[in-house]
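Trainee: Fold the following and give me the result.
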Amino acid sequence: MKIKEITDFLEAEFPAEAALDYDNPGLIAGDYDRTVTGCIISLDCTSKAIEAARKNGFNLIITHHPLIFGGIDTITTETSTGKLLLQLIKSDISCFASHTNLDLTEEFGNLAIAEAIGASDAVPLEGALCGVVFDCDENVRSMSKRIAAGLGASGIITINDPNNKVSKVFVQGGSFDEDSIPAIAAAGCDTVVSGEIKHHVTVMLEEMGINSMIAGHSATEQVYLPKLAKLLSEQFPQIKFIVNNNNETASVI
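Mentor: Numbering: from 1, shown residues only. Got it, this is the predicted structure:
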């Protein structure tokens, strides 16, 4: 099986034209015509992800975040991106990214996060670029504990009173999009959960009566990986897929 068969499947599931303008999904480095020996699935292309591929004799890494954003002037050991690209090239490992084109499917993005923290009725929020909402009956303290446990986060950052009520939650993984705030307020959400929220935005949300809980960019998006691995392993049962959680090999699919 050629690498192109897997990347064609991914491009059909998560079309590149659906990605946001700033994004850079697709084949970042490598050769479509190579025969696949196995695949590492990782949030980022890191030296540990490359080493995991080498150790297992794999020649494909699928990431969420593209290794290259925008143009680069050189590929040298003087930059971290250059070092990683050189490692890929020298090891004959291809790297492919599905980023905002995957996020915007909801099923493989924010719905996966909501499910991980215990929601069973989450639905996309109309008016937000991406993000889902669900109902619950908790407070900030108990919800923070549930989020940390569900996502494997090291902790949750919030500026809100831990006794504040949580009844309608908006979930948006990765970095919070401030343009979603009008839709969040109109929907009557009292809590926002995301990976990153700027401090002044958390203050603004609090003034609007909306709690904010920051779980970490990595923690909110690691939950995508096993779901993506399952999709790929069902489509390509002859290929071994290893999920590289938190840049440490965690599970074989």
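Trainee: check which helix or strand covers Trp227.
Mentor: Quick fix: residue 227 reads Lys, not Trp. Using DSSP states H and E, Lys227 sits in helix 224-235.
Trainee: Same check on Thr105?
Mentor: Judged by DSSP H and E, Thr105 forms part of no helix or strand.
Trainee: The nearest residue to it once chain neighbours are set aside - how many residues pack around it?
Mentor: For Thr105, ignoring the flanking residues on the chain, the nearest one in space by C-beta to C-beta, 6 or more residues apart in numbering is Phe14 at 6.4 Å. Using the backbone N, CA and C atoms, a C-beta is placed for each residue, glycine as well. Neighbour count for Phe14, taken as other C-beta atoms under 10 Å: 20.
Trainee: Just the buried residues of whichever helix or strand comes after the helix holding Lys227, please?
Mentor: Sequence order places strand 241-245 as the next helix or strand after helix 224-235, per DSSP H and E. By neighbour count on 16 or more other C-beta atoms under 10 Å, the buried set for strand 241-245 is Phe241, Ile242, Val243, Asn244, Asn245.
Trainee: The fourth one and Ala52, how far apart?
Mentor: Right, the one you point to is Asn244. Distance of Asn244 to Ala52, given as C-beta to C-beta, to the nearest Å: 6 Å.
Trainee: Overlap in contacts, these two.
Mentor: Common contacts of Asn244 and Ala52, defined by C-beta atoms under 8 Å, 6 or more residues apart in numbering, comprise Ile40, Ser42.
Trainee: Which parts of this structure are helices?
Mentor: 3-13, 47-56, 80-91, 100-103, 110-116, 140-151, 181-186, 199-207, 217-222, 224-235 (DSSP state H).
Trainee: Could you dump these into CSV with distance to Cys39 added?
Mentor: Putting these into CSV (distance: least, C-beta to C-beta, whole Å) gives the following:
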stretch, distance to Cys39
helix 3-13, 7
helix 47-56, 8
helix 80-91, 14
helix 100-103, 16
helix 110-116, 19
helix 140-151, 24
helix 181-186, 37
helix 199-207, 37
helix 217-222, 17
helix 224-235, 7
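Trainee: Quick one: closest of these to Thr35.
Mentor: Closest approach to Thr35 among the helices of the chain (C-beta to C-beta): helix 3-13, 7.8 Å.
Trainee: which residues are in contact with that closest one?
Mentor: Against helix 3-13 from outside (C-beta under 8 Å, 6+ apart): 26-27, 30-36, 39, 59-60, 62, 94, 96, 98, 105, 231-232, 235-236, 239.
Trainee: Can you give the strand pairings for the lengthiest strand in the chain, parallel or anti for each?
Mentor: The longest strand of the chain (DSSP state E) is strand 165-175. Partner strands for strand 165-175, per DSSP bridges, with pairing direction: strand 132-139 (antiparallel), strand 191-196 (parallel).
Trainee: Quick one: the ones you listed as JSON lines, columns for mean pLDDT too.
Mentor: Listed next are these as JSON lines, based on pLDDT from 0 to 100:
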{"stretch": "strand 132-139", "mean pLDDT": "97"}
{"stretch": "strand 191-196", "mean pLDDT": "98"}
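Trainee: for those, which one sits closest to Gly152?
Mentor: That would be strand 191-196 among the strands paired with strand 165-175, by C-beta to C-beta, at 12.9 Å.
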